[in-house]
Every structure is written in C-alpha cells, then in structure tokens.
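In: attaching a predicted model along with its sequence, questions to come.
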Amino acid sequence: RFPGFDEPWKPVILSSILHERNEYAEKDGTYEHATLSKEGIYGKTARYDRDFLVSIENKKYKVTHYNDLCYNPANLKFGVICLNKYGDAIFSPIYVTFEVDEGADVDFIGANVTRWDFINHALRFQQGTVYERMAVSPEDFLSIQCYLPSKNEQVHISSLIRVLDNRIEKQQSYVDALKKYKRGAVRYLLSPKSCPLKNARWTTAKLGELGSFVKGAPLSKADISEDGTPFILYGELYTTYNEVVTSVKRRTQAQVDELFLSRVGDVVIPTSGETSEEISTASCVMLPGVILAGDLNIFRSDKVDGRIMSYLLNHVVNAKIARIAQGKSVVHIQASELGKLTLSYPDENTQKKLIDFLSKFDDKIVIEENALTFLTGLKEGLMQQLFI
C-alpha cells in the first residue's frame, strides 16, 4: 500500500463500473477498421498497408472509443483483453467493448482485469465443454466481483504501473535499436566493398566447398528433462538463441551418437519453418558436447570461423536462403541447396578482428536484454501484489 492509504478495498460487481457499448458504424469511412489482440488494438490500414475504412455495407461493425475496455469472448483464455489506447475505431461485432464509469480510474481497471489471475477467475464463467470453444459472455463478465480501493489510490497504483510501462517501452526500444544497428554493422563489415579494415583479403566460394553438413539428432520436445545433457531444438533458434550460443537452456536424458554432439564452432540452421524469412537464420554453438537435435542442419568448417559464418548467414546471405526455401504452409530447406549458396568471407586475421568487435556488441545487447527481463519481471511481481 502507498503511505496514507489504509482503508479496506471494497467488493464491487463489474456491472457497477462497466457499461457495455453497443454502438455501430453509421457513416461510410468514419472510422478506421481495427482488430484486437492481447497486445492491444491496432489499425489494419497501417498493419497491412491497405485501406480498411468501413464501407456502407459494414454498418454492423461495432464502434470502440479511446479508453474503452475490449475483449474477445472466445479468446479471453489467451489474454485477448485490453484498454483501447488506439483511439476511435470499428471492429468485428464478435468483440465486446465496455465504457468505464467515471467513478473508477480507467487505467487501474484496465490493469486489474487484464491480469492473468483475473482472466483465470473470469474463465470460471465459461460456456461450452470443449476448451477451444470456451467463451465468456458479456453478462457473465459483468457479474464478476472484484475489489477496488478509493479512486485516489487507484490513480496512485495506475500511475506507478504507467511509469514502469514507459520504462519497459524505452528499454525495449533501446534493445531493438541496438539490434538494428548491429545488423547494419554486420552487413557493412562483412562486405568486401564496404569493409573499412585495411589489408583485409576476401575469398568467394560456395558454402558446400567450405565445410560439410550433418542432419541433427531425431529428438523433439518430448525428450526434454530437468537434467542431463544440454541440447538445442530447431525451434529455439527463432525464440531463444542469437547468432552465437554460449549457454544452453534445455537438458535431455536421451543418448545419441557422437556425430550429433556439437564441436566448438558448429553452425546450426533450421531445416523447416513457417516462413521463408524465418528459416533464413543460424546460430554458432561455442560449446562442446551439446546435442543438436530436431530438424537442424549442422554445418562444420575448418576454413571459416563459425561465428563469422553465422553472421553471414543471418545478415548477408539471408535473402538468398529465403529464396531457395520451398513449401507453403511449412517451409523446408535442404543441405544440398544450402551448399550451393555463394558467399564472400575475409581472411583469418580479419575474422578475428571482426569477431572481437561483434562479440563486444553482443555482450552489450545481452546486458540490455537482461535489464529488460528484470524490468518485466519486476512488473509481473508487482502486478501480483498490487491487486486483491
């Protein structure tokens, strides 16, 4: 509690502070067409680079205004509920939108009901027996009881959350800017035409001429255990690891042939993904004895440092990889096709200089990402303690 606030929180029914808004579009082109996700409301015109202004045939679309509380009855279980910070818009009538009563602080109510604790509580009112069809009707949602402090204390709490959100947003922007700058630096430094290092010598060759490929071990998520040998799954290249891997999060009790155990400098490339852009990624494993598993191409070379190769594959020839990927719903790429890729790489001395610089840049990014993780963890902890 903030100093000066000691009166008990009072139980209230949501219907006393939320009022369902059933306003529909009336004029052609009046509102931006928007959609709802757990990250918030966003306009479709900007997102998809198309004109999504409501047409005369779409008068049944609902109108939402700034600071409305909106949720998807069918997807509340996925956290699809948020305050409208986008502005006046229209969206599908499947969504529900509420106006927040003036007697309550809008941001406090938004922070309260978008917590997972509250969402799980709301799901007790679910309709349907199949999880995928669970839905929370507006009537059931409004019948939920929650506890509220005085409006003055609500404002104090929401102000604290807002400050923390702003700090997290700035930290995320800083991390994104560092990564964007690094991508530009890698492309600049690993191009024979722009590299500023004197005496750098460049060789052009096909990837298959620089090393050999091995397919990853036939393991999956089902093989994860609390302890055992460290191992990497292909999906983690998209979510967990960057260009250079110096620590591994997963463990497995599975036993594999020595062929599938990493050697320092191995480069792993996914063999499948959802999009051609997604599949054009790679990571260099700087640890021995890690099991490399699950739809991975393992590239081994004694001519090019694996870290340099990883930077090249991620930022210089990634477009070429995307072009040779095959498939629609699931995209695949074969080692034989990767081996045909042509790229230019610098001499050994230049590789060492570039690795030294880029590793320092990576260290900086890790520090700032850890700061971001700390801030988001701090908010999660506070959100568990600030509400009843």
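Out: That came in fine, so what should we check first?
In: report the distance from the helix or strand hosting residue 140 to the chain centre.
Out: Using DSSP states H and E, residue 140 maps to helix 138-142. Centroid displacement of helix 138-142 relative to its chain, using C-alpha atoms, centre = their mean, to the nearest Å, is 31 Å.
In: with just CA atoms, put that helix into PDB.
Out: Provided in PDB are the C-alpha atoms of helix 138-142 (Å, rounded to 0.1, in the frame of the first residue of the first chain):
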ATOM      1  CA  PRO A 138     -20.800 -10.000 -21.500                       C
ATOM      2  CA  GLU A 139     -23.400 -10.900 -19.000                       C
ATOM      3  CA  ASP A 140     -21.200 -13.300 -17.200                       C
ATOM      4  CA  PHE A 141     -18.200 -11.000 -17.400                       C
ATOM      5  CA  LEU A 142     -20.200  -8.100 -15.800                       C
END
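In: immediately after that helix, which helix or strand?
Out: strand 145-148.
In: tell me what that next one is packed against?
Out: With contacts taken as 3 or more C-beta pairs under 8 Å, 6 or more residues apart in numbering; DSSP states H and E, strand 145-148 sits against strand 10-13, helix 106-113. To be clear about C-beta, it is placed using only N, CA and C from the backbone, and glycine gets the same treatment.
In: where in the stretch 101-250 of the chain is pLDDT low?
Out: Within the stretch 101-250 of the chain, the stretches with pLDDT under 70 are 125-134.
In: cutoff 80 now
Out: 124-134 (pLDDT under 80).
In: next: the stretch 251-388 of the chain.
Out: 273-279, 294, 325-331.
In: can you pull out the strands in it?
Out: For the stretch 251-388 of the chain, strands defined by DSSP state E, counting those that start in this stretch occupy the ranges 266-270, 272-273, 283-285, 291-293, 296-300, 331-332, 342-346.
In: quick one: distance of the fifth one to the chain centre.
Out: On the basis of C-alpha atoms, centre = their mean, strand 296-300 is displaced by 25 Å from the centre of the chain it belongs to.
In: can you list the strands that it pairs with?
Out: In the sheet, strand 296-300 lines up against strand 212-215 (antiparallel), strand 266-270 (antiparallel) (DSSP bridges).
In: please apply the same query to the last one.
Out: Each strand pairing with strand 342-346, determined using DSSP bridges, is listed with its direction: strand 202-206 (antiparallel).
In: tell me the helices and strands packed up against the next helix or strand after the partner strand.
Out: Note on strand 202-206: by DSSP H and E, the next helix or strand toward the C-terminus is helix 207-210. Helix 207-210 is packed against helix 335-338, strand 342-346, with contacts defined by 3+ C-beta pairs under 8 Å, 6+ apart.
In: pick the most buried one from these.
Out: strand 342-346 (a mean of 18; mean count of other C-beta atoms under 10 Å).
In: now it - C-alpha only, PDB.
Out: Once non-C-alpha atoms are left out, strand 342-346 reads as follows in PDB (Å, rounded to 0.1, in the frame of the first residue of the first chain):
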ATOM      1  CA  THR A 342      27.800 -18.400 -52.800                       C
ATOM      2  CA  LEU A 343      29.300 -16.000 -50.200                       C
ATOM      3  CA  SER A 344      32.500 -14.000 -49.600                       C
ATOM      4  CA  TYR A 345      34.400 -14.300 -46.300                       C
ATOM      5  CA  PRO A 346      37.500 -12.500 -45.000                       C
END
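In: okay, which residue is most central for the chain?
Out: For the chain, the residue sitting closest to the mean C-alpha position, by C-alpha atoms, centre = their mean, is residue 239 at 7.6 Å.
In: could you check how far it is from residue 85?
Out: Per C-beta to C-beta, to the nearest Å, residue 239 is found 27 Å from residue 85.
In: all the strands of the stretch 1-150 of the chain, residue numbers only.
Out: 10-13, 18-20, 32-37, 40-43, 62-64, 69-71, 81-83, 89-91, 96-100, 145-148.
In: contact partners of the last one?
Out: Same thing as strand 145-148. 9-14, 17, 104, 108, 112-113, 118, 154, 387-388 (C-beta atoms under 8 Å, 6 or more residues apart in numbering).
In: 10 Å instead, please
Out: Strand 145-148 is contacted from outside by 8-14, 16-17, 103-105, 108-109, 112-113, 118, 121-122, 154, 387-388, using C-beta atoms under 10 Å, 6 or more residues apart in numbering.
In: are any of the residues you listed buried, and if so which?
Out: 9, 14, 17, 104-105, 108-109, 112-113, 118, 122, 154, 387 (16 or more other C-beta atoms under 10 Å).
In: export these to a markdown table and tack on distance to residue 332?
Out: As requested, these are arranged in a markdown table below (distance: C-beta to C-beta, whole Å):
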| residue | distance to residue 332 |
| --- | --- |
| 9 | 55 |
| 14 | 49 |
| 17 | 52 |
| 104 | 53 |
| 105 | 52 |
| 108 | 49 |
| 109 | 48 |
| 112 | 46 |
| 113 | 43 |
| 118 | 42 |
| 122 | 41 |
| 154 | 53 |
| 387 | 47 |
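In: now the strands of the stretch 1-150 of the chain in TSV, with distance to residue 310?
Out: Shown next, in TSV, are those (distance: least, C-beta to C-beta, whole Å):
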stretch	distance to residue 310
strand 10-13	55
strand 18-20	51
strand 32-37	32
strand 40-43	33
strand 62-64	45
strand 69-71	42
strand 81-83	37
strand 89-91	42
strand 96-100	47
strand 145-148	49
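In: circling back to that earlier point, between the helices and strands packed on strand 145-148, which gets nearest to residue 289?
Out: helix 106-113 (45.9 Å; C-beta to C-beta).
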